[in-house]
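1. Generate a structure from the sequence data that follows.
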Amino acid sequence: MWRALPALLSIIVCAWFVVGARQAQDTARATTLLSAGNRIDRADAARVSSLLHGAELLNPDRQVDILRAQLADERGANRSAERILRAVLAQEPLNLDAWDWLARSATNAATLRLAYAKLGFLEPPVRAAP
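-> You can find the predicted model right below:
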């Protein structure tokens, strides 16, 4: 029985890497669709949603949630995007991407001011070289 243990562990580790590679591909595809620069249509939105669902299985990174918020914003659901981003920021208050998307999808002036203030703090302006 103990002789089979290393083989079993190897299979589990390989499966873990396969799942991780698949999640990375799904995240990259969703990012590509959302970054195309065009307004996303219903079919592409469904595809992105499906890709993000697959990408979140073992991915502890909040990038999937930020992409969900971006999708909601693209579909005109700004309140939903803001809710998702606030949850991300509650766990990762220094997440520059989340603050950027919160500024883009802000539903009121107070949220917009807060997002810009945080962005200015996290990424201060760069001075021109002399």
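2. Can you tell me the centre-most residue of the protein?
-> residue 63 (2.5 Å; CA atoms, centre = their mean).
3. Give the other helices and strands that whichever helix in the chain runs longest contacts.
-> For the chain, the longest helix by residue count, based on DSSP state H, is helix 5-34. Counting contacts by 3 or more CB pairs under 8 Å, 6 or more residues apart in numbering; DSSP states H and E, helix 5-34 is packed against helix 42-55, helix 63-74. Where you see a C-beta, it was placed from the backbone N, CA and C, and this is true even at glycine.
4. what angle do that helix and helix 63-74 make?
-> Counting by axes from the mean of the first three to the mean of the last three CA atoms, to 10 degrees, helix 5-34 lies at 20 degrees to helix 63-74.
5. which of the residues in helix 5-34 are buried?
-> 23, 26, 27, 29, 30, 31, 33, 34 (16 or more other CB atoms under 10 Å).
6. Report pLDDT for the fourth one.
-> In this case it means residue 29. In the prediction, the pLDDT value recorded for residue 29 is 74.
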